[in-house]
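Visitor: whatever this is, show me its structure:
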Amino acid sequence: MAEDGQMSEQEKQLRDCFGKFDVNGDGKIQADEFKRLMSSLGGFSSKEIRRLFKEADSDGSGSVDWREFLSWIINGTALKGMGAKGAASFERLLNAETQDEASYVESAQVGHSVTEYLKKSGSKDRRRPRAGRKAAAKGGCDEFGVPEDYVGHRIEWPMTLPGAQALLDHFLLNGANSPLHQKHVMLILDQFVEAYKTRHPKPVVNTEVPQPDGRLIIVGDTHGQLADVLHILYHLGPPNAKNRYLFNGDMVDRGSQGVEILLIIFSFFLADPESIIIHRGNHENEDMNALHADNGGGFEDEVMEKYGLSVYRNFINAFKALSLASVINKEIFVVHGGLTRVKNLTIDYINTLPFQEYTAPHPMSTNVKEQLFSDLLWSDPTEHEGKYKSDRGVGIKYGPDVTTKFCSQNRLRFLVRSHQVPEDGRGFQKQHNDRCVTVFSASNYCGDGGNFGAVIVLSAANFPRYEVFEHFAAPLEEMPAIVAQGDATDWNQMSTSQQKGSAEASRAARQEKTFARMIISIIEKKPQLWAHVIKSSLGQKLPADDFARMMEQQTESDHPWSEALHAWGVVDPDGNIEVTKFLNRWVVKSESAGYSSFVNDAIKQVYEAIVALDMDLTETFKMFDRDGDGTVDLNEAKYVLEKFDLGLSSSQIDRLLGQLFSTSVITTADTARMSIQDFLGHFTMVYSSTNNADLPKWVLDVLGQIGRLIVKVKAPGATDESQDSTKMSQLFQEIDTSGDGVLQLDEFVTGIEKLPGLDKLMVDGSPLSHSKLVDISKILDVTHDGTLNYLEFQQAFQLKGQGTTDLENSLVEDLTTLLFRYRVHVRTGCQFLDEADSCKVLTEDFENVLRGVNNALHSNEQGISESQIKHLSSALAVEDEEGKIISYDEFLRSFVIVDTENGSVIKSFRG
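Guide: Below is the predicted model of the structure:
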């Protein structure tokens, strides 16, 4: 291992990889830990895993410590034994952050596709709702429009260094709990954009270490972690002309105080433009910000929660003003990501980029200058010579030869970049013969990194030599007391103790976050998982190892599935997992009242499309039981349901059938089957639970009592599981005295009146009358043709049984999952049309956005049907003076992830 914390790229990646094996955190990989994670990767047999562990356990102790693990990898033994597929799995395992940011590429493509669709469809040209009038503030307002009774922090204008320091002190004492007033925020943003563009009109800033005795401090990624910024500014002093700061991008996303960080550094710039330079990172980009924090974004959610859409748009305008790079004393190049694919790259060429036109180019652009732009924000160094495609999906990997050539051609000593967490746990790293230095300032990254942060300090007296100040920031709530100690604060000692005390908490937090991400991946991949289960005719139980491999393949991830399955307690004593039970465990739901109405309508549409055929009993049975064997198999059911205009996609039908046949009581070698009566009974149960809710209470009471009378009659030859459905079909045939397969209304009334015990049935304290029964028959006649077909009859008395809720969920979960998965892009499309920043759009605009999402989906993905688009829009709409409008942001934040095992909400997306 290299000295002074300088590790090869492979070594530093493996430090984090070791932690993923070492589940119990004892510093050693036990045999079962090794087997569990290696099995989840795929591509390894049990025999190969045993051999690899034996090779890694060089001292034969039965466990592998860090030195053994590192040696096993570095000497090449492991990679030779793994083969190509195993090595590829290891590469994906090593860096979860890379996987996060690579997902940005796909997300950005979908978002751009939706907005392009809206442009072409002419949606942008139509009338939009106006911004609603805001209630007038009580009392007067100051010169900035802030109400006089506002009790929060007030800024004074023009901004001065004492004013900027006062804002810094305010956030030290209050964190994000006392936000600056929106009027103040808008003023800072507006003034900053104008001032920064004027001060730095080119992509590259030429600056110097302040003379004669000043210093310049380079800050790496802080990612919304206010505690780190406070630690740095109070330890090393606030920005001023002699204590100049260069923030090297990625101030936002992941953490929840990006707003406060930006307001602080923007204020110092406004107070003294000589005090601070601010670079753009790959996260100062609206496509990245739109992602949820769990997926690497979060800044849009943060601003929307604190201030709303208008302020968020102004932050995006500020990002467009930020610089791309700096050259210090003509000798040091500073950039967020790294070098580019462009040959013979010069500073002058970088200065030709149209950097203020957008926050970042389209990630898949083929324009040379736009690719160069992206490379500066996204690229990473590698120890291999040359240039390579990046795993992130954007930018490149560049070797030491590229760094040497760039520095030589531009007469530079070295370059400083950020963008990556050094995997050895330090806040900095030297590569490429010390000519490429990474500095990362977010300590204990994302609350579970366990890493130090660092800054680079260049002084006028020692230039070009530099010092590295590492730190491990205390929790935000402890910072005021630490700062209050003044000169008595031992910042180094404090950082060391904080880092040592965080190790176990960081490990537990990493595991918790990983499992949470896996649950979301299960939900987002539900359509594919159900389709695979249906297509493969999988049994009700699978061995845990087989199930883990299936999850890895279908979710296209290298998550520790075997470990998670045991932690979730879903592996039974025989080592198996119940497939349907597992897939039903976690669901995404919307807490929107309008969406609940849409769910009921969707269920009714499916059932009524078949009821409307008004077939007799024989025809109904034949339609589903095509081979006449008295049962319905999965393929027969799918064939029939796909023929009708049910408003369901193919994947939604798969989801419904997977749930229906999960209770199959007839098993054959080829596929699941159930009796025709059971199939129709289960199917009807769902409709009955939603449709009957609209009936008068007395009718519901009567139907429930009659249903219980029917259940009391034992059906000859029926099993316990199927007798209720069999009773329904037998009773129907008995009542059908004409034998024509349908019930005339008088046949229905006469037949029901013969049921044993009906004479004791009471309605509002009186016996059920003939006329009341006639009224009920007319209500049940859904098709209004004077007859009741078998499905109309069955749904009337179908008691809601165990599994009904699962069936209801199955009909709409696929659609809910689709909306959840693409909620970011639905919001992007709506914001594109929301010129009033009201977070509301007209219903026709909302429908067009959903069509735009459909247009952007992959060819193998099922979209939202036109009828579902119309029904959803209608259910969410409210009447407004502008017409029918939808509060899209409220709806898209209404999703929750529920653990159906105990009914608990395990994740909310409201803020």
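
Visitor: what's next to the helix or strand hosting residue 167, contact-wise?
Guide: Following DSSP states H and E, one finds residue 167 within helix 161-174. Outside helix 161-174, the residues that touch it by CB atoms under 8 Å, 6 or more residues apart in numbering are 153, 155-156, 178, 180, 226, 230, 233-234, 238-240, 260, 263-264, 267-268, 270-272, 275, 479-480, 483. The way it works is simple: take the backbone N, C-alpha and C, and place the C-beta from them, glycine included.

Visitor: count of residues packed around residue 871?
Guide: 19 (other CB atoms under 10 Å).

Visitor: confirm it sits in a helix?
Guide: Yes - using DSSP: H, G, I helix; E, B strand; the rest coil, the assignment for residue 871 is a helix.

Visitor: hang on, it packs against residue 598?
Guide: Yes - contact criterion CB atoms under 8 Å: residue 871 and residue 598 qualify, at 5.7 Å.

Visitor: on that earlier part again, buried residues in the next helix-or-strand element following the helix holding residue 167?
Guide: Going down the chain from helix 161-174, the next helix or strand is helix 182-199, by DSSP H and E. Neighbour-count burial for helix 182-199 flags 183, 184, 185, 186, 187, 188, 189, 191, 192, 193, 195, 196 (criterion: 16 or more other CB atoms under 10 Å).

Visitor: and if you look at stretch 835-843?
Guide: In stretch 835-843, the ones that count as buried by 16+ other CB under 10 Å are 836, 838, 839, 840, 841, 842, 843.

Visitor: any idea how far that stretch is from the chain center?
Guide: Taking CA atoms, centre = their mean, to the nearest Å, the mean C-alpha location of stretch 835-843 is offset from the chain mean by 24 Å.

Visitor: adjust the sequence numbering to begin at 788 for everything that follows.
Guide: Yes, from this point I'll number from 788; that puts the last item at stretch 1622-1630.

Visitor: span of it from start to end?
Guide: 15 Å (CA to CA, to the nearest Å).

Visitor: average pLDDT for that stretch, rounded please.
Guide: Stretch 1622-1630 shows a mean pLDDT of 94 in the predicted model.

Visitor: distance-wise, check residue 1530 relative to residue 1570.
Guide: Shown here: residue 1530 relative to residue 1570, a distance of 12 Å by CB to CB, to the nearest Å.

Visitor: now residue 1256
Guide: Taken as CB to CB, the span from residue 1256 to residue 1570 is 79 Å.

Visitor: ditto for residue 1305
Guide: For residue 1305, the distance to residue 1570 equals 47 Å [CB to CB].

Visitor: so residue 1112 sits right up against residue 1124, yeah?
Guide: No - with contact defined as CB under 8 Å, residue 1112 does not reach residue 1124; the gap is 9.8 Å.

Visitor: more crowded one of these two?
Guide: Of the pair residue 1112 and residue 1124, residue 1124 is the one with more neighbours under other CB under 10 Å, namely 30 against 26.

Visitor: distance from the helix or strand hosting residue 1270 to the middle of the chain?
Guide: Assessed by DSSP H and E, residue 1270 sits inside helix 1266-1271. Distance of helix 1266-1271 from the chain centroid (CA atoms, centre = their mean) equals 36 Å.

Visitor: any idea how far the following helix or strand past it is from the chain center?
Guide: Counting by DSSP H and E, the next helix or strand C-terminal to helix 1266-1271 is helix 1278-1288. How far helix 1278-1288 lies from its chain's middle: 33 Å, per CA atoms, centre = their mean.

Visitor: domain map for this protein?
Guide: Following automatic domain parsing, the chain resolves into domains at 796-881, 948-1288, 1292-1323+1331-1364, 1377-1592.

Visitor: tell me the most buried of those domains?
Guide: domain 948-1288 (a mean of 20; mean count of other CB atoms under 10 Å).

Visitor: can you give me phi and psi for the closest residue to residue 1084 other than its chain neighbours?
Guide: Excluding its sequence neighbours, the residue lying closest to residue 1084 (CB to CB, 6 or more residues apart in numbering) is residue 1078, at 2.9 Å. With angles defined as degrees, to the nearest 10, residue 1078 sits at phi -70, psi 160.

Visitor: can you check the pLDDT for residue 1522?
Guide: Model confidence at residue 1522 (pLDDT) stands at 89.

Visitor: grab the nearest non-local neighbour of it.
Guide: Using CB to CB, 6+ apart, the closest residue to residue 1522 is residue 1538 (2.9 Å).

Visitor: which strand or helix spans the one you found?
Guide: Residue 1538 belongs to helix 1532-1540 when assigned by DSSP H and E.

Visitor: elements contacting that helix?
Guide: helix 1510-1522, helix 1557-1567, strand 1574-1575 (3 or more CB pairs under 8 Å, 6 or more residues apart in numbering; DSSP states H and E).

Visitor: would you list these in TSV and tack on distance to residue 1640?
Guide: Listed next are the helices and strands packed on helix 1532-1540 as TSV, based on distance: least, CB to CB, whole Å:
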stretch	distance to residue 1640
helix 1510-1522	39
helix 1557-1567	39
strand 1574-1575	41
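
Visitor: residues contacting residue 1159?
Guide: 1127, 1128, 1129, 1132, 1136, 1137, 1140.

Visitor: what is the nearest of the residues you listed to residue 1147?
Guide: Relative to residue 1147, the closest of those is residue 1140; by CB to CB it sits at 11.3 Å.

Visitor: so how far is residue 1132 from that closest one?
Guide: From residue 1140 to residue 1132 the distance is 12 Å (CB to CB).

Visitor: just residue 1315 next, same as before
Guide: Counting by CB to CB, the separation of residue 1315 from residue 1132 is 42 Å.

Visitor: check the gap between residue 1147 and residue 1005 for me.
Guide: From residue 1147 to residue 1005 the distance is 22 Å (CB to CB).

Visitor: circling back: which neighbours do residue 1112 and residue 1124 have in common?
Guide: Common neighbours of residue 1112 and residue 1124 (CB under 8 Å, 6+ apart) are residue 1163.

Visitor: where do the helices sit along the stretch 1138-1287 of the chain?
Guide: Secondary structure of the stretch 1138-1287 of the chain (DSSP state H, counting those that start in this stretch): helices located at 1155-1165, 1187-1196, 1266-1271, 1278-1288.

Visitor: packing partners of the third one?
Guide: Translated: helix 1266-1271. helix 948-961, helix 1013-1023.

Visitor: tell me which of these lies nearest to residue 841.
Guide: Among the helices and strands packed on helix 1266-1271, helix 1013-1023 sits nearest to residue 841 (CB to CB), with 43.1 Å.
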